[in-house]
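> here's my sequence, what's the structure:
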Amino acid sequence: MSLTVYHSNHLDILKSIVGHIMMNDPLESPFEKEYLLIQNFGMAKWLQTEIASELGILTQCEFLLPSKMLSNLCDELLENSEHFRQNLSQDKLFWPLVSIIFNIDQNDPDFDAISSYIRCDDP
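Take a look at the predicted model:
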């Protein structure tokens, strides 16, 4: 399993990238699933419609909210995942993450994507 992150403040750009990848670099098996991380279910519905329109069909594609993705990762990677999942609620994570994100060194190249997002720049 690999994880590739594409980001943009423009959903139509992301839709085009996803469509291009699915068309030109498909998964090895038609039974494998593509997983797309989304901000909300409205975004998922729009992406489903647009990608299916672009490709002609869209199957084996699961749209996950961040909480569901983290829960799935915990289940796959950790023995005692229930303990960790309890601490992944939005209420427990929001302010610590905000503090971390807004205190990163914006000149550090490892954080270019986050810094660009905070500044509302598009790559």
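> show me the helices in this protein, by range?
Taking DSSP state H, the helices of the chain run over residues 11-24, 41-55, 66-77, 81-86, 90-102, 112-118.
> look at Asp110 and say how many residues are nearby.
Asp110 has 9 neighbours, counted by other C-beta atoms under 10 Å. (C-beta placed from N, C-alpha, C; glycine too.)
> can you give me the pLDDT of it?
pLDDT recorded at Asp110 is 85.
> gap between it and Ile104?
9 Å (C-beta to C-beta, to the nearest Å).
> for Leu58, same thing?
35 Å.
> those two - which one has more neighbours?
Between Leu58 and Ile104, Leu58 has the larger neighbour count (other C-beta under 10 Å), namely 18 against 13.
> please tell me I have it right and that one contacts Gln48.
Yes. At 5.9 Å, Leu58 counts as touching Gln48 under the criterion of C-beta atoms under 8 Å.
> one step back: turn the helices of the chain into TSV, including mean neighbour count.
Output for the helices of the chain, formatted as TSV (neighbours: other C-beta atoms under 10 Å):
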stretch	mean neighbour count
helix 11-24	14
helix 41-55	15
helix 66-77	14
helix 81-86	13
helix 90-102	10
helix 112-118	15
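> and those as TSV, adding distance to Glu32?
Formatted as TSV, those follow (distance: least, C-beta to C-beta, whole Å):
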stretch	distance to Glu32
helix 11-24	12
helix 41-55	16
helix 66-77	15
helix 81-86	23
helix 90-102	29
helix 112-118	26
